[in-house]
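A.B. asks: Here is my input, please return the structure:
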Amino acid sequence: MTNPLTFKNDGTVDWIHKAGDIYIATGVDTRGRRFKPVRSELWAYINGINLYRGTKWLERDGKRYRIQRVWN
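C.D. replies: Residues are numbered from 1 along each chain as shown. The predicted structure follows:
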């Protein structure tokens, strides 16, 4: 399967949501401890998570695709 994400020159990412897509937020908290991955079927919920250091993923057909990486 090819990458469903389209990366644009302005730093944004586009994709078409399909039934069964899961969005995941992973990372570490401000104390450097890894937090439990947050999973949701709603991109708006995952996008609203304020990450200190982590990654937001699209999981489709059992494979993860990196949408955004945050490194402070």
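
A.B. asks: going forward, measure contacts between C-alpha atoms and count neighbours the same way
C.D. replies: OK.

A.B. asks: what's the burial count for residue 47?
C.D. replies: Look at residue 47: counted by other C-alpha atoms under 10 Å, it has 14 neighbours.

A.B. asks: can you give me the strands in the chain?
C.D. replies: For the chain, the strands defined by DSSP state E cover 6-7, 13-14, 22-28, 34-40, 53-60, 63-71.

A.B. asks: Need these in a markdown table (columns: distance to residue 46, mean pLDDT and mean neighbour count).
C.D. replies: Listed next are the strands of the chain as a markdown table, based on distance: least, C-alpha to C-alpha, whole Å; pLDDT from 0 to 100; neighbours: other C-alpha atoms under 10 Å:
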| stretch | distance to residue 46 | mean pLDDT | mean neighbour count |
| --- | --- | --- | --- |
| strand 6-7 | 19 | 92 | 12 |
| strand 13-14 | 15 | 94 | 12 |
| strand 22-28 | 6 | 97 | 21 |
| strand 34-40 | 7 | 96 | 13 |
| strand 53-60 | 7 | 96 | 20 |
| strand 63-71 | 11 | 95 | 14 |
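
A.B. asks: residues contacting the nearest residue to residue 43 once chain neighbours are set aside?
C.D. replies: With C-alpha to C-alpha, 6 or more residues apart in numbering as the criterion, residue 43 has its nearest non-adjacent residue at 6.1 Å, and that residue is residue 23. Residues near residue 23 by C-alpha atoms under 8 Å, 6 or more residues apart in numbering: 39-43, 46, 56-59.

A.B. asks: For the residue most central in space within the chain, which non-adjacent residue is spatially closest?
C.D. replies: With distances taken as C-alpha atoms, centre = their mean, residue 56 lies nearest the centre of the chain, 2.0 Å away. Spatial nearest neighbour of residue 56, excluding adjacent residues (C-alpha to C-alpha, 6+ apart): residue 25 at 4.5 Å.
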